[in-house]
Structure formats: C-alpha cells, structure tokens
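Participant: test case, fold it:
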Amino acid sequence: MKKIIFLFIGIMSMYTINAQDINDALRYSNGEVIGSARYRALSGAFGALGGDLSAISVNPAGSAIFTNSFASVSLNTRDVDNETAFFGGLNSSSNSDLSLNQGGGVFVFRNRNANSLWKKFALSVAYDNTKNYDDTWRSRGVNSSSIDQYFLNNAQGLQLGDISAFPGESVSEAYASIGGAFGYIHQQAYLGFDSFILEPDSFDDDNTGYTSNIVSGNFNQDYNYVATGYNGKIAFNIGAQYGDDLYLGLNLNSHFVNYERSTFLYEQNNNAGSIVNQVGFENNITTNGSGFSFQLGTIYKLSNEFRVGFTYDSPTWMTITEETSQSLETVRIDGGENVLQIVNPQILNLFPDYNLQSPGKVTGSIAYVFGKQGLLSFDYSRRDFSRIRLKPTSDSFFRAQNNIISDALIAAATYKLGGEYKVNQFSFRGGYRFEESPYKDGKTVGDLNGYSLGLGYNFGNTKLDLTYDAFNQTREHQFYNTGLTDAVAIDANNSNITLTIGFQL
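Facilitator: Residues are numbered from 1 along each chain as shown. Purely as a prediction, here's the structure:
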C-alpha cells in the first residue's frame, strides 16, 4: 500500500527492529566475489593466477598477468532451495533469479623501453556482484510462545498516555506523533494497544502496567520471509609487471548495497478465554548503502611452474540508510462476534545514516602451472569478523552492539581449491571451497561447503565459459529481537549456472 507520510526517527529508538544488530552488520560485511564462469569453476582459487577479470577483484596483481587487452561479461542464473524446521513444522520453498553478475575490461600497455625492468602496465575497471540477497522461505509450527510477548516487552513501563491516540486522531496521525515524540519502541507499544492485544492495568494516562488479551496455550504460527537485493563492487585497478617474475597491483573499490526485506507473521489460537485469537504482523525494511575499500596484491613466479600470491583487503567503510514500515491486524471476540481490527499507519519511518566498518582480510595463494596443459591452485584467506564495528562508537547503543559482535563472532578462514585441464581448445575445470562459520556457536550461521564444475572453449580471440556450482549452508533466523525470540532452522542449498563470454580488445 502506498505510504502517505514520512517520519524521521532517531537512532536510539531502533533497537527493537531487526536492523543495526549483529545479524545485519554481518550481512552487509560478509560476501565473496561471485565472478565469471572460469573464476567460479575453480571455486575462486585465483589468488596466484590472475588472467581473469574476476580474479583482479581478488588479487589486483592479476591484471598484469594479461598479455593482451581483454573484456568479459557474465550472466548467472541462481536457484535457492530452503528447508525450514520450526516446532515440528517442516516446509520447503524454492526461488530462482537471473542476473548480470560480472563485467569489465583490462587494458594492457607494454613498455617499449627494452632496458626498463617495468615490462608492462595494466589498467582495468571491473564490476562484480559480491552477494545476492534474493531469498524466499516459509516456516510453520505450533509454538507455546505468542507474539503478544513482543508487544508486552515494548510496552511495560511506558505511560498509557504516551502510547495511545488522542481523541479524533487517526492511526497515521497517532503513529507519527508517537514516533516523532518518543521513538520506535513507543510505536510498537501503540500497535499492541490499538490492536487490543495489550490490556492496561488501568486506563489512566500514567498507567505503566499491561497484560495480554491472548491467553497462554498453543499457537499456530506461519512466518513468511521475502528478501531481494545485492552487494556490488566496482574495482578501479592498476597493475604492473616488474622483471620477469614479479606482478604488483592496487584496487580502489567502490561498494554499494541494496537490501529489501518483508516478513509477515500470522498467528492463530483456540485457547479458552483468549479475547484475541488471530494476529497478522507485517514488517518491511529497505537498506541502501555505499562505501570504499582498497586492496594491495602481488604475484611472484618462483619458477616456470610455481606461483605464489598475497593480497591485503582493507576494511570496508560504508554509510548506510534504513527505512521501515509496518502494519498489524487482529481478530478479537467482542459481544460473541469476531471483530477485525486493522492498524495500518501507512508511515515510512526514516532513520539517520550510520556507518559500518567491515573487517579487512588477508589471502595467501599458491598455484602450480604445468605448461599449457593445466593448473592446480589453492587459496587461504582469514578474516576477523569480531572486528565489525557500527559507528559512531560514541553512541551507547552502537557500543552495546559492538560488544555483542566482539563476543559472538570470531576470525574465520576460507579454503579454495581449483584445477583446470586443457585438451585442444577445450578446458575442463573443477573446484571446492570451505568457509568457516563466523559465529562462535557455529549454529547461527553454519560452515559452508561448495563445489564447482566448468567447461570452456577458446575460439581464438573469443572465449566462452560455462560453469555449474553449488553450496550448502545452515543457519538460524530469529523472528524478533525481543519477546518472540524463537528461531527457525534453515537448511539452504544454492546452485548457480554461469555463462561468460570474453574477447580480446
């Protein structure tokens, strides 16, 4: 429904929504170059190889490996199959999407001075998708906890006069004035009161105690989750070859993020004495951000066969904007009849920008190239996720979240192994990758296991590559940050088909 009012709300009122917490900080910080078909076929093990547009986004020295100017573009089709488990309820869902996930070009300039040790230079611009947020799933189960606890937790201690409408005020006017005067927590309490979920101990304006019109018992809960968006990176690169064996590179990266999520919880109960027996609660959030990082990389040929690589990724400094909207509807028994109560403010809550600093990363790589027949490559990278920081750190809420991040997250390693074998114009490829969980408990987000298979054909000045890759990862999704904090277990299977066409310039 069209939003007719925009409301600006301060940061300190935000802690009850699923934003600016550890999960969202990790979401915008975590990601890998999705890349070209050849890059994906080797599971991203390109740190000591170069010679691929996506490899430049991993190790900037890779641009200097190119012998000729080159460009490529990649299309990716992605399928996500989710299996959810929630209090005895099992559910499966699947969604697919098609995207342009990579594109760019590298321009190679040879040094015509035969006496110079600087053999050639390379300039490149490359776009890579680093994360795809498109995801849809549903969970159903019978819970002993109700959504009423969310509204009770937000309302207790707040004066009734601060969470209720003035006489003659519309839902939109009340929601807006309460949010503008007191903040997001008071808005949640207002939703609970105006929908008849909350019952005040007394109807005096200074009342601060509340009970629920939902009686304890069993609750059928149906939760739907839909998300879209992506993380992208544009790398502006300069690379150089020094002597016969040393390659150096620098990337200046522009990052951008778009994330949209909509959740809807439907709860129904038949508990004796319950006045409210149906609840529908919708929450929407839109996040946009931009940022900057840089990378320094080197590749060195130990011999004609062996190469080693090293890359340093700086932290990424991002500025993020968020906005939310929500609505609530209930069915209650009044005079022996069912009465539908709709509380739809049609308000878009706008929150002030905040800063997110994701941690840096180091990557070490080694590759063995056996002539023109093929290669084997291995990458190891390490990133300390406990160093994610929400800023400004002078803000007490952000300090509290940063302490939670430091306690819950750890340094995690990623292992990538890839190989390629050539027969005439054909190239046969395969790879495996393993990513450790960034969580200490290993459950909130589990380890990732993935494999890849690819095929390439060289037409001469044009190359065509096709790759299939898949990975599995389990995670837990908590419904709300307070009250109804139960989590659904998700087993996600992702598969991709990537097609890349590349050509010499």
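Participant: just checking, which helix or strand succeeds the one helix or strand residue 122 maps to along the chain?
Facilitator: Secondary-structure assignment from DSSP states H and E places residue 122 in strand 118-132. On the C-terminal side of strand 118-132, the nearest following helix or strand under DSSP H and E is strand 135-143.
Participant: what comes up buried for the strand holding residue 122?
Facilitator: For strand 118-132, a neighbour-count test (16 or more other Cβ atoms under 10 Å) marks 119-122, 124-132 as buried. Just so you know, the C-beta spots here come from the backbone N, C-alpha and C atoms, and that holds for glycine as well.
Participant: all strands for the stretch 101-250 of the chain, in order.
Facilitator: With DSSP state E, counting those that start in this stretch, the ranges of strands along the stretch 101-250 of the chain come out as 118-132, 135-143, 198-200, 210-212, 219-242, 246-268.
Participant: and these as TSV, adding mean pLDDT and distance to residue 336?
Facilitator: Shown next, in TSV, are those (pLDDT from 0 to 100; distance: least, Cβ to Cβ, whole Å):
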stretch	mean pLDDT	distance to residue 336
strand 118-132	94	51
strand 135-143	96	27
strand 198-200	97	19
strand 210-212	97	21
strand 219-242	96	23
strand 246-268	97	19
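Participant: those into a markdown table, with extra columns for distance to residue 88?
Facilitator: Converted to a markdown table, the strands of the stretch 101-250 of the chain look like this (distance: least, Cβ to Cβ, whole Å):
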| stretch | distance to residue 88 |
| --- | --- |
| strand 118-132 | 31 |
| strand 135-143 | 6 |
| strand 198-200 | 29 |
| strand 210-212 | 24 |
| strand 219-242 | 11 |
| strand 246-268 | 16 |
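Participant: where does pLDDT dip in the stretch 251-400 of the chain?
Facilitator: Under the criterion of pLDDT under 70, none of the stretch 251-400 of the chain is flagged as low confidence.
Participant: quick one: the strands in it, in order.
Facilitator: The residue ranges that make up the strands of the stretch 251-400 of the chain, judged by DSSP E, counting those that start in this stretch, are 276-301, 306-313, 316-334, 337-343, 347-350, 354-358, 361-370, 374-384, 389-391.
Participant: how about CSV for those strands, with mean neighbour count and distance to residue 486 added?
Facilitator: CSV is the format used below for the strands of the stretch 251-400 of the chain (neighbours: other Cβ atoms under 10 Å; distance: least, Cβ to Cβ, whole Å):
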stretch, mean neighbour count, distance to residue 486
strand 276-301, 20, 14
strand 306-313, 20, 36
strand 316-334, 19, 19
strand 337-343, 13, 23
strand 347-350, 20, 25
strand 354-358, 21, 27
strand 361-370, 18, 34
strand 374-384, 19, 30
strand 389-391, 20, 25
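Participant: relative to residue 429, which of these is closest?
Facilitator: Evaluated with Cβ to Cβ, the strands of the stretch 251-400 of the chain place strand 374-384 nearest to residue 429, the distance being 9.1 Å.
Participant: hang on, the earlier thing: tell me which of the strands of the stretch 101-250 of the chain sits nearest to residue 25.
Facilitator: In this view, the strands of the stretch 101-250 of the chain are compared for proximity to residue 25 by Cβ to Cβ, and strand 246-268 is the closest at 12.1 Å.
Participant: what lines up beside the host helix or strand of residue 494 in the sheet?
Facilitator: Per DSSP H and E: residue 494 is located in strand 487-504. Based on DSSP bridges, the pairing partners of strand 487-504 within the sheet are strand 70-86 (antiparallel), strand 462-478 (antiparallel).
Participant: same question for it, mean pLDDT?
Facilitator: The average pLDDT for strand 487-504 rounds to 96.
Participant: now the strands paired with strand 487-504 as CSV including mean neighbour count and distance to residue 196?
Facilitator: Conversion of these to CSV gives the following (neighbours: other Cβ under 10 Å; distance: least, Cβ to Cβ, whole Å):
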stretch, mean neighbour count, distance to residue 196
strand 70-86, 19, 27
strand 462-478, 18, 26
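Participant: how about the ones you listed in a markdown table, adding mean pLDDT?
Facilitator: Output for the strands paired with strand 487-504, formatted as a markdown table (pLDDT from 0 to 100):
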| stretch | mean pLDDT |
| --- | --- |
| strand 70-86 | 96 |
| strand 462-478 | 96 |
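Participant: mind putting those in TSV, distance to residue 47 included?
Facilitator: Formatted as TSV, these follow (distance: least, Cβ to Cβ, whole Å):
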stretch	distance to residue 47
strand 70-86	19
strand 462-478	18
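Participant: so which of the ones you listed comes closest to residue 336?
Facilitator: Nearest to residue 336 among the strands paired with strand 487-504 is strand 70-86; the distance by Cβ to Cβ comes to 33.4 Å.
Participant: tilt between the closest one and strand 118-132?
Facilitator: If you take axes from the mean of the first three to the mean of the last three Cα atoms, to 10 degrees, strand 70-86 sits at 30 degrees to strand 118-132.
Participant: off-centre distance for strand 70-86?
Facilitator: Per Cα atoms, centre = their mean, to the nearest Å, the displacement of strand 70-86 from the mean C-alpha position of its chain is 14 Å.
Participant: select, out of the strands of the stretch 251-400 of the chain, the one closest to residue 500.
Facilitator: If you check each of the strands of the stretch 251-400 of the chain against residue 500 by Cβ to Cβ, strand 374-384 wins as the nearest, at 17.9 Å.
Participant: what bits of the stretch 1-150 of the chain have low per-residue confidence?
Facilitator: Within the stretch 1-150 of the chain, the ranges that satisfy pLDDT under 70 run 1-20.
Participant: if we use 80, what do you get?
Facilitator: Low-confidence segments of the stretch 1-150 of the chain, defined by pLDDT under 80: 1-21, 31, 33.
Participant: gap between the nearest residue to residue 342 once chain neighbours are set aside and residue 45?
Facilitator: When the adjacent residues along the chain are set aside, residue 342 lies closest to residue 329, with 4.7 Å between them (Cβ to Cβ, 6 or more residues apart in numbering). Distance of residue 329 to residue 45, computed by Cβ to Cβ, to the nearest Å: 51 Å.
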